[in-house]
Every structure is written in structure tokens, then in C-alpha cells.
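1. below are the sequence and a predicted model for it; my questions follow.
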Amino acid sequence: MEAAGRKGNENVKITVQMLKSKTGQFDLESIMFLKLQNFGICNLGCIGDCVNLERLNLSGNNISNLTPLASLKLLTVLNLSANRISNLGPLYSCENLQNLNLSGNLISSVDALRSLSELKNLETIRLKDTVCNFTNPVCMNTSYRSAMLEIFPKINVLDGERMSGSGRDLYQLCKDMDSSLRGLEPFRYNIVAMCK
């Protein structure tokens, strides 16, 4: 799960100085977009002071405590992939969250995700990423997918796969047709691949 390109120091704390130098902003409340991936961050420090933050990328760090994110009410996109997160409780307050990437963390049970069920705007959630080979222990559970759909019945995209909305019915039809053709091995065509 080690992300390529991490800085040598693995115990970095987010400070006012770091945020100002990274964004060029003098006022933390002026920061709306922030990329801090692969910095070796283990402590979110003063990130909660960026109250107008809308998009945040913290992928590839050593973060385990999300408490400072609780004050980010305007956050819509959050990338926390490749960290050390197991408790998602503080994200409950991020009421405008629409897109959440948690792939490559330590989330071990579906119950850990229930705190996010009240996020009414959440459209996309990712707990595994086959391209980057990131996952969470919970993804190994045989009932993972059905449990996720129970917790998030209005989710549009789960782990990169469309669950509802435009294209969902066609995807499911192609998937069903591909399954029914599996017995015709000599004449088998991968219809799902043709539909993508």
C-alpha cells in the first residue's frame, strides 16, 4: 500500500506555514482547493481552519485521525486513498460531500461505514481501486457489495462501477448476457468489454 513518491519524512504535520506556502494564500479561509498527496502527513493539524475548502486531496500519506476534517462543511470532493484510516466518524459532519475515495486504507467492517449513511449528497464512494491495486479489508467480505448498497441506496458509483443513473441498465444487461454466454466457451464473446 506504500505510495510511490512519498517524501522522506513520514511524520509531517499540516501547519499554517505549509498551507500558505503550498497555496499562496495568506488567509486559510480563502483556500478552496488543496492537494497534499504523498507528503508523509500523519497529523492534519490546522486543516480544519480551511473552512471554505471544497476539494481536498490527501492521498498517499500516513493519516489515521480524521477529526480535523469535521469542520469542513463545504467539502464536496475528498481523496483519502492510501492512508491508514479505520475510523470514519469525523466525516459525518462533512454534509456536502459528494465524492469520497477511501481505497487503500484499513477499513475492516461495513459498520465503520455506517457513520457516512447520513451524507445525503454522497454520489460516489470508492473503497477499492483495481488500477492502483488499493483496497480495504472490508472489501474481502462476501456481502460487501450488497451491504454497501443497503447503507447507501442512492449511491451512483461504487468502486468505479455505476450503480444507478444513465448507463446502469445497459451495463447490467451486458453483464447478464456475458454471464449467460459463459457456457458457450468456443463461441464466447466478452460482451461486457464490448459495452464499455
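-> Looks like it arrived, so ask away. Numbering: from 1, shown residues only.
2. domains in this protein, by residue range?
-> Listed domain ranges for the chain are 12-163, 165-195 (source: the TED database).
3. out of those domains, deepest packed?
-> Mean neighbour count, computed with mean count of other Cβ atoms under 10 Å, is highest for domain 12-163 among the domains of the chain, reaching a mean of 17. For every residue, glycine as well, the C-beta is placed using N, CA and C.
4. picking up where we left off before, need the domains of the chain in a markdown table with mean pLDDT, can you?
-> Shown next, in a markdown table, are those (pLDDT from 0 to 100):
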| stretch | mean pLDDT |
| --- | --- |
| domain 12-163 | 95 |
| domain 165-195 | 52 |
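5. how about the spatially closest residue to residue 33 that is not a sequence neighbour, what does it touch?
-> Among residues not flanking residue 33 along the chain, residue 55 sits closest, at 4.7 Å (Cβ to Cβ, 6 or more residues apart in numbering). Each residue near residue 55 by Cβ atoms under 8 Å, 6 or more residues apart in numbering is listed here: 32-34, 75-78.
6. which one of these is nearest residue 66?
-> residue 78 (9.6 Å; Cβ to Cβ).
7. show me what the helix or strand that closest one falls within is packed up against.
-> Counting by DSSP states H and E, the element that carries residue 78 is strand 77-79. Under the contact criterion of 3 or more Cβ pairs under 8 Å, 6 or more residues apart in numbering; DSSP states H and E, strand 77-79 touches strand 55-57, strand 99-101.
8. mind checking how far the first one is from the chain centre?
-> Relative to its parent chain, strand 55-57 has a centroid offset of 11 Å by Cα atoms, centre = their mean, to the nearest Å.
9. partner strands of that strand, with direction?
-> Partner strands and pairing direction for strand 55-57 (DSSP bridges) are strand 33-35 (parallel), strand 77-79 (parallel).
10. same question for the last one.
-> Applying DSSP bridges to the sheet, strand 99-101 is found paired with strand 77-79 (parallel), strand 124-126 (parallel).
11. Serialize the ones you listed to JSON lines and add fields for distance to residue 69.
-> Shown next, in JSON lines, are these (distance: least, Cβ to Cβ, whole Å):
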{"stretch": "strand 77-79", "distance to residue 69": "8"}
{"stretch": "strand 124-126", "distance to residue 69": "16"}
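12. quick one: closest of the ones you listed to residue 65.
-> Checking the strands paired with strand 99-101 against residue 65 by Cβ to Cβ gives strand 77-79 as the closest, at 14.9 Å.
13. center of the protein - which residue?
-> Closest to where the C-alpha atoms of the chain average out (Cα atoms, centre = their mean) is residue 101, at 0.9 Å.
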